[in-house]
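>>> Pasted the sequence and its predicted model underneath.
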Amino acid sequence: MKLPPFPGRGRPLNPVLARELKERMRRKRSGFVLTVYLVLLSGALWLLYLGASAAGTDGPGALRLASLGRAAFQTVLFVMLLLVCFIVPGLAAGGVAGERERQTLVPLQVTLLRPRSILLGKLAASLAFVVFLVFAALPLIGVSFLLGGVEPGEVVKGVAMVLAVAATVAALALTCSTLMRRVQGATVMSYALVLFLLGGTFIVFGAQMLADQKGPRGRAQLILALNPMMATADVVGRTPDNGSRVPSPFTPLQMLIGERTKPEDNITMDGGWVGTSDSGAEFAPMTGERVIRAVPPVPTTVAVDAPVPLQNNGAVARVTQWRAPLLNRIPMWVLSLIGYGALSIGGLALASRRLATPAAGER
């Protein structure tokens, strides 16, 4: 009696993925990229160590080592994120445009492979090399464990966010490769999108602050949810200042993220204009009720209708509760994953529709 096959066993591998993996791993460029990648990560870690040694920190030895270990982990993760963002477009942008230049796209389109199978094979091949790069850097991340200050969960979340960013960039690069006829054009368009995610979002954020004449708080940071650096800084940040004596590249970003749940500048909670008494308490002159001006260190929530005596002609003030909007209380990295999922699915859907049938100019 012949036993039934094991579930999943014998299932053929995506032929596009199998071919891409063989070709990519046999190229000399893959070894060169891996070498440069590890050299840059090691150099960043060495520069951090030299800077921390030259600056010196106060406090017990264990605390200094833990602070250095946490800064080392975040520095390696930051450099890894930037390298991945600039390596992935070069891997994925030529996926479809390269087939078009070699005149092998039409034979690929008329096979039994569905368009989504072609795209998923190209996407998986690009991500397979990225996963190889990320795991190759794990020994450098392990240095932070020797120093302390880093938990395994933080490493898992940080690496997962880097892979999520890589998947999004690869999906966008494949979309550009499908829309453009040449590899060069697809590569330029892919890098333009990456530059917008990394730097353009900060430009839009700054322009919005200038237009609204408000501080970096409230919903103004919503555009920054698409920034890979902000998403990674949030997923590995414990507190706005990290509780670290040695700063990392993520430290200013984490302080900026901490402003999301604070009240906006120059607003009045109870309505009306605000006056200030001799004792420093602020009140609305028409009602004698105390209001809160949103300047640090005002807490995000305070007691409701709590009587507070003021030396203002015997008036009794009330403290009004302020709570950050729901959208601001959602962690930045959650909003980032939602945005990345929407960009990836939308881009792959557009690319799949483009590959559904051979284009008129390619027949």
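Happy to help now that I have it. Residues are numbered from 1 along each chain as shown.
>>> Tell me where the model's unsure across this protein.
Along the chain, segments meeting pLDDT under 70 span 1-13, 54-63, 213-220, 238-246, 261-326, 357-363.
>>> Please enumerate the helices of it.
15-26, 28-55, 61-92, 94-101, 105-109, 115-136, 138-147, 152-179, 183-195, 201-212, 228-235, 251-257, 326-329, 332-354 (DSSP state H).
>>> My read is that residue 250 contacts residue 230, right?
No. Applying C-beta atoms under 8 Å as the test, residue 250 and residue 230 come out as separate, 9.2 Å apart. In this view, the C-beta of every residue, glycine as well, is placed from N, C-alpha and C.
>>> quick revisit: point out the most buried one among the helices of the chain.
helix 228-235 (a mean of 25; mean count of other C-beta atoms under 10 Å).
>>> Residues contacting it, please?
77-78, 81, 85, 157-158, 160-162, 165, 197-198, 201, 224-225, 250, 253-254, 256-257, 331-333, 336-337, 340 (C-beta atoms under 8 Å, 6 or more residues apart in numbering).
>>> Give me the angle between that helix and helix 332-354.
Per axes from the mean of the first three to the mean of the last three C-alpha atoms, to 10 degrees, the angle that helix 228-235 makes with helix 332-354 is 140 degrees.
>>> now helix 228-235 against helix 152-179, angle please.
160 degrees.
>>> Make 580 the starting number, not 1.
Done: numbering now begins at 580, and the last item shifts to helix 807-814.
>>> With just CA atoms, put helix 807-814 into CSV.
Extracted in CSV, the C-alpha atoms of helix 807-814 (Å, rounded to 0.1, in the frame of the first residue of the first chain):
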residue,chain,number,x,y,z
PRO,A,807,11.6,53.7,8.0
MET,A,808,13.8,55.4,10.6
MET,A,809,10.9,56.6,12.7
ALA,A,810,9.2,53.2,12.6
THR,A,811,12.4,51.4,13.7
ALA,A,812,13.2,54.0,16.3
ASP,A,813,9.8,53.5,17.9
VAL,A,814,9.8,49.8,17.9
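>>> Could you tell me the angle between it and helix 762-774?
Using the same axes, to 10 degrees, helix 807-814 lies at 40 degrees relative to helix 762-774.
>>> what's the angle between helix 807-814 and helix 780-791?
Using the same axes, to 10 degrees: helix 807-814 against helix 780-791 is 90 degrees.
>>> Got the domain ranges for this protein?
Using automatic domain parsing, the domain ranges for the chain come out as 594-837+910-941, 842-902.
>>> ok, the closest residue to residue 707 other than its chain neighbours to residue 808 distance?
Among residues not flanking residue 707 along the chain, residue 600 sits closest, at 6.2 Å (C-beta to C-beta, 6 or more residues apart in numbering). Separation of residue 600 from residue 808 (C-beta to C-beta, to the nearest Å) stands at 30 Å.
>>> Contacts only, for the residue lying closest to residue 674 once chain neighbours are set aside.
Spatial nearest neighbour of residue 674, excluding adjacent residues (C-beta to C-beta, 6+ apart): residue 701 at 3.8 Å. The contact partners of residue 701, by C-beta under 8 Å, 6+ apart, come to 595, 599, 671, 674, 675, 753.
>>> right, and the pair among those residues with maximum separation?
595 and 671 (12.9 Å; C-beta to C-beta).
>>> and residue 935, how many neighbours?
Residue 935 has 12 neighbours, counted by other C-beta atoms under 10 Å.
>>> Just to check, it is in contact with residue 694?
Yes. With contact defined as C-beta under 8 Å, residue 935 counts as touching residue 694 (5.3 Å).
>>> gap between the closest residue to residue 829 other than its chain neighbours and residue 805?
Leaving aside its sequence neighbours, residue 829 sits nearest to residue 812 (C-beta to C-beta, 6+ apart; 4.0 Å). Computed as C-beta to C-beta, the residue 812 to residue 805 distance reads 14 Å.
>>> And residue 750, by the same measure?
Residue 750 is 14 Å from residue 805, by C-beta to C-beta.
>>> Run a quick neighbour tally on residue 805.
Applying other C-beta under 10 Å, I find that residue 805 has 21 neighbouring residues.
>>> Among the contacts of residue 701, which one sits closest to residue 929?
For those, the nearest to residue 929 is residue 753 (10.0 Å; C-beta to C-beta).
>>> how about the closest one, what does it touch?
Contacts of residue 753 by C-beta under 8 Å, 6+ apart are 671, 672, 674, 675, 698, 701, 702, 705, 926, 927, 930.
>>> Of all pairs in those residues, which one spans the longest distance?
672 and 927 (14.8 Å).
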